[in-house]
Structures are given as C-alpha cells and as structure tokens.
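Enquirer: Below is the sequence, then the predicted model.
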Amino acid sequence: MTIRTPCMLAIAMMLPQQVQFLASAVAQSSAIAPTYENVSYGPHARNVLDFYQAKGDGPRPLLVYIHGGGWTSGDKKQDPANFKPFLEKGISYAAINYRLTNQAILPAPVHDAARAIQFIRSKAKDWNINSYRIALTGGSAGACTSMWLLLHDDLADANSSDPIARYSTRVAAAAVSGGQTSIDPKIIEPWLGANVLLHRMINLSVGEPTIKGALKNYDQHRKLYVEFSPYNHVDKNDPPLLMTYSNNMTLPSENAGHGIHHPVYGVKLKEHSDKLGHECHLLIPGVSKSDNYSTANEFLLAKLLAP
C-alpha cells in the first residue's frame with residue numbers, strides 16, 4: 001500500500017502550470033543572488049558583469065568567468081554550483097558578457113573582456129578585491145579569451161584619458177576547458193584537418209560570412225588571426241595555466257564541433273610552454289595529467305589562496 005502525505009496529495013492535485021511554478025520557486029530559492037548585477041563596465045549594452053562578494057578577512061581573491069559560444073553566442077549566467085565552492089573558500093566571483101562578433105568583430109570580444117578586468121580592478125577597494133589574485137576561467141571561446149589575457153602583454157595605458165584604461169589587464173592564473181590556442185586557419189588546418197574550418201567562429205571572428213571568404217581574403221585578416229591566437233603570446237614569465245580537454249584524439253577532427261575543441265590545441269600549447277619554461281598543465285583523461293593538480297578547481301584554489 002502506498003501512503004500519501006498531505007503534501008504529496010496537494011502536489012498531485014496541482015495543474016501542470018502550478019507544478020512548473022513550484023519547481024521554479026524552489027530553484028530560485030536555492031540560487032545565489034549577485035552582490036551587484038549587470039554592472040556596466042563599458043559603453044555597449046553587453047558590457048555588463050555580475051559580481052558575487054565572498055566573505056573573509058582582508059581583500060578577497062577573485063575568479064572571473066568568461067563564457068563560451070564561439071564569440072557568436074552565450075551569456076554570463078551559469079549554474080551557481082559551479083562557483084559556490086569558491087565563494088565558500090572566501091574567493092569572490094564575477095561573470096562577464098561582451099560584444100559578440102555579429103555586433104563587432106575582433107578585437108571587440110577579447111578587448112571587452114580586458115576592459116572588464118580593468119574595470120574590476122578600479123573597484124578593488126569598494127568590492128574588497130585583492131588585485132594581485134585575479135584568475136580567469138571559461139570554456140571554448142571563453143577559454144581562448146582567458147588564455148589570451150593570461151599570456152598577452154599588459155594592455156594598461158598609463159597616459160590614457162580614460163581612467164579605466166590605466167589599470168592592468170594582467171591576471172594571476174587561468175584554468176580553461178576546450179579552448180582554442182590558435183584561431184589562425186593556416187595553422188589549425190594542418191593541426192586538425194579541414195573540418196575545424198567549418199566552425200563559424202573562425203570566419204565570423206574576422207567578419208567573413210563564410211570560411212571560403214576568410215581564406216580568400218586571408219592576407220587581409222592575417223594580423224587579427226595572429227594577434228588573437230594565444231599560442232603566439234607565450235613566454236616563460238607568463239602566469240600559470242591549466243587546460244582541460246576531452247580525450248577524443250581522433251585526427252583529422254570528426255566534425256566542426258570536435259575540431260574547434262580538439263585536445264591537440266592543448267597539446268600544441270603545452271609543448272610550446274614547456275620549451276619556453278612557462279608553467280602549463282594539461283589534463284586529458286587517459287592521455288595527459290599534471291603531477292600537481294588533478295582538477296581545474298584544485299589548481300585555481302591553490303593559485304588564488306596561496307600565501
């Protein structure tokens with residue numbers, strides 16, 4: 001015999017829309033509200049960020065999330081379960097939106113992220129942030145942007161009339177997943193095969209509707225492809241990086257989605273970093289591991305909470 005409590009009977013008698021409303025209410029009750037939401041860091045409507053302030057003595061370290069989506073889609077919202085462990089350890093958290101390539105091609109998506117870091121630094125006192133302990137995370141295009149910021153020279157302009165632009169864009173570490181270490185079609189096709197070029201990220205990033213046009217006009221776009229490939233900016237003094245990928249090592253890549261997130265991106269950057277003496281960790285299940293860190297969270301916690 002099944003025993004039904006009054007609560008179970010009440011739920012059973014609900015209309016479908018009432019059940020949906022109840023489920024939504026439960027989800028909202030477990031959500032973590034931002035300390036500051038949709039804060040503008042630049043002039044465009046997508047130049048906004050959410051900030052979650054952690055508790056703790058003294059200025060808090062900060063983890064910044066940059067969303068993926070091929071620079072063509074995506075949003076800063078993610079499951080609170082992904083960043084709650086950092087808040088519980090006293091690490092504040094921020095997530096940013098940025099212009100997409102249907103609104104503005106490169107350098108807009110990446111330079112927007114750089115400005116977000118500068119803006120956050122300008123709020124260090126107000127938001128109780130340790131400016132020396134800022135790390136980045138993200139997947140796919142968010143990983144590409146994170147790696148670019150990590151490895152690129154500082155964009156701070158001490159002589160700028162814009163006070164935000166005077167702040168540093170350098171960060172302390174980055175842990176990313178499925179990221180593109182190069183977006184240069186002349187580099188990645190030999191690495192991964194022709195299927196990688198079928199992903200719209202490669203052509204839309206430079207404003208070409210098709211990959212055929214991007215290749216035809218390659219000389220026109222080459223500077224952008226070279227500049228926004230993280231691989232080209234590594235040196236031994238860069239902050240530490242940890243990359244994670246799936247373990248589908250099949251070559252040539254099977255399709256556009258596989259190609260644009262292929263583990264070989266990580267293998268190539270890891271080889272380059274090792275040659276230069278840059279601290280770089282690569283986690284590919286059954287293929288590559290780190291002697292120091294088994295997960296991205298372990299790496300980030302170690303770097304952000306180091307004495």
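Expert: Structure's in. What do you need?

Enquirer: ranges for the strands of this structure?
Expert: 36-40, 48-52, 60-66, 92-96, 129-139, 173-177, 241-244, 280-283 (DSSP state E).

Enquirer: Generate JSON lines for those, with mean neighbour count, mean pLDDT and distance to Lys216 as supplementary columns.
Expert: (Glycine included, C-beta is placed from N, CA and C.) Below are the strands of the chain laid out as JSON lines (neighbours: other Cβ atoms under 10 Å; pLDDT from 0 to 100; distance: least, Cβ to Cβ, whole Å):
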{"stretch": "strand 36-40", "mean neighbour count": "13", "mean pLDDT": "98", "distance to Lys216": "39"}
{"stretch": "strand 48-52", "mean neighbour count": "21", "mean pLDDT": "98", "distance to Lys216": "36"}
{"stretch": "strand 60-66", "mean neighbour count": "26", "mean pLDDT": "98", "distance to Lys216": "31"}
{"stretch": "strand 92-96", "mean neighbour count": "27", "mean pLDDT": "98", "distance to Lys216": "34"}
{"stretch": "strand 129-139", "mean neighbour count": "22", "mean pLDDT": "98", "distance to Lys216": "31"}
{"stretch": "strand 173-177", "mean neighbour count": "27", "mean pLDDT": "98", "distance to Lys216": "31"}
{"stretch": "strand 241-244", "mean neighbour count": "26", "mean pLDDT": "99", "distance to Lys216": "32"}
{"stretch": "strand 280-283", "mean neighbour count": "22", "mean pLDDT": "98", "distance to Lys216": "35"}
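
Enquirer: show me where this protein has helices.
Expert: All helices of the chain, identified by DSSP state H, fall at 6-12, 16-30, 84-88, 108-122, 124-127, 141-151, 185-192, 200-204, 211-216, 218-227, 256-260, 264-276, 296-304.

Enquirer: quick revisit: make a markdown table out of the strands of the chain and add distance to Val234.
Expert: What follows is the strands of the chain, written out as a markdown table (distance: least, Cβ to Cβ, whole Å):
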| stretch | distance to Val234 |
| --- | --- |
| strand 36-40 | 32 |
| strand 48-52 | 27 |
| strand 60-66 | 19 |
| strand 92-96 | 24 |
| strand 129-139 | 16 |
| strand 173-177 | 12 |
| strand 241-244 | 9 |
| strand 280-283 | 8 |
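
Enquirer: Sketch out the low-pLDDT regions of the protein for me.
Expert: Scanning the chain for pLDDT under 70 picks out the ranges 1-30.

Enquirer: distance of the residue positioned nearest the centre of it from Thr244?
Expert: Centroid check for the chain by Cα atoms, centre = their mean gives Gly138 as the closest residue, at 2.3 Å. According to Cβ to Cβ, to the nearest Å, Gly138 stands 12 Å off from Thr244.

Enquirer: same thing with Gly69?
Expert: According to Cβ to Cβ, Gly69 stands 18 Å off from Thr244.

Enquirer: now do Pro43
Expert: Look at Pro43 and Thr244: by Cβ to Cβ, they are 34 Å apart.

Enquirer: before we move on, what about Gln118?
Expert: Taking Cβ to Cβ, one finds Gln118 at 27 Å from Thr244.

Enquirer: try His262
Expert: Counting by Cβ to Cβ - His262 and Thr244 are separated by 13 Å.

Enquirer: got it, and Ala95?
Expert: 19 Å.

Enquirer: Which among the helices of the chain is found nearest to Leu49?
Expert: helix 108-122 (5.7 Å; Cβ to Cβ).

Enquirer: between the closest one and strand 36-40, how many degrees?
Expert: Interaxial angle of helix 108-122 relative to strand 36-40 (axes from the mean of the first three to the mean of the last three Cα atoms, to 10 degrees): 120 degrees.

Enquirer: about what we covered before: so which of the helices of the chain is the most packed in?
Expert: Counting by mean count of other Cβ atoms under 10 Å, helix 141-151 has the highest mean neighbour count of these, with a mean of 28.

Enquirer: Can you give the contact residues for it?
Expert: 65-71, 74, 98, 109-110, 113-114, 117, 136-138, 169, 171, 173-174, 176-181, 183, 201, 228, 230, 233-235, 238-239, 241, 243, 269 (Cβ atoms under 8 Å, 6 or more residues apart in numbering).
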